[in-house]
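[1] Got a sequence here, can you model it:
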Amino acid sequence: MRLAIGPRDLANGVAEVARRDTREKSSMTISGIGIQIEAMLEDIQNNLYKRAETYRDQRLSKVDSYEEFKTRLESEGGFFLAHWDGTAETEELIKQETQATIRCIPLDIPSEAGTCMVTGKPSASRVVFAKAY
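    Numbers count the residues shown, from 1 in each chain. Modelled structure (predicted):
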């Protein structure tokens, strides 16, 4: 948020408030502006969080084979849920071959037994891989 208060604004008891997330501008009275700004910052936080969540969800998909992972990583980019055997060696191999790294180990998805896309070893659940740009 950007807050602008010029000499005329100050004389009139108002301030211009510009939201950087929606690019909306509005005028607020200076008295009680703290409460209004607090509410607006909360709204901005919720808006940014929802936007990031939507972005992630639209670009998140499951892959089951290493070949599919590499092909889709290069052609589409995004975030990929894939089984991993849990070893640093496999993680490093994936990083060296694709520049993709583990972004997180999701806590909110059900565990799903499978096999590591690279080694074929058992895996208790999927992790999120992506490439940094």
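
[2] how is this protein carved up into domains?
    Per automatic domain parsing, the structural domains of the chain span 2-57, 59-131.

[3] Out of those, which is the most enclosed?
    domain 59-131 (a mean of 15; mean count of other C-beta atoms under 10 Å). The C-beta positions use only the backbone N, C-alpha and C, and glycine is treated the same way.

[4] for the spatially closest residue to residue 111 that is not a sequence neighbour, what are its contacts?
    Nearest residue to residue 111, sequence neighbours excluded (C-beta to C-beta, 6 or more residues apart in numbering): residue 125, at 4.3 Å. By C-beta atoms under 8 Å, 6 or more residues apart in numbering, the contact list for residue 125 reads 83, 105, 106, 109, 110, 111, 112, 113.

[5] how about a markdown table for the domains of the chain, with mean pLDDT added?
    What follows is these, written out as a markdown table (pLDDT from 0 to 100):
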| stretch | mean pLDDT |
| --- | --- |
| domain 2-57 | 95 |
| domain 59-131 | 95 |
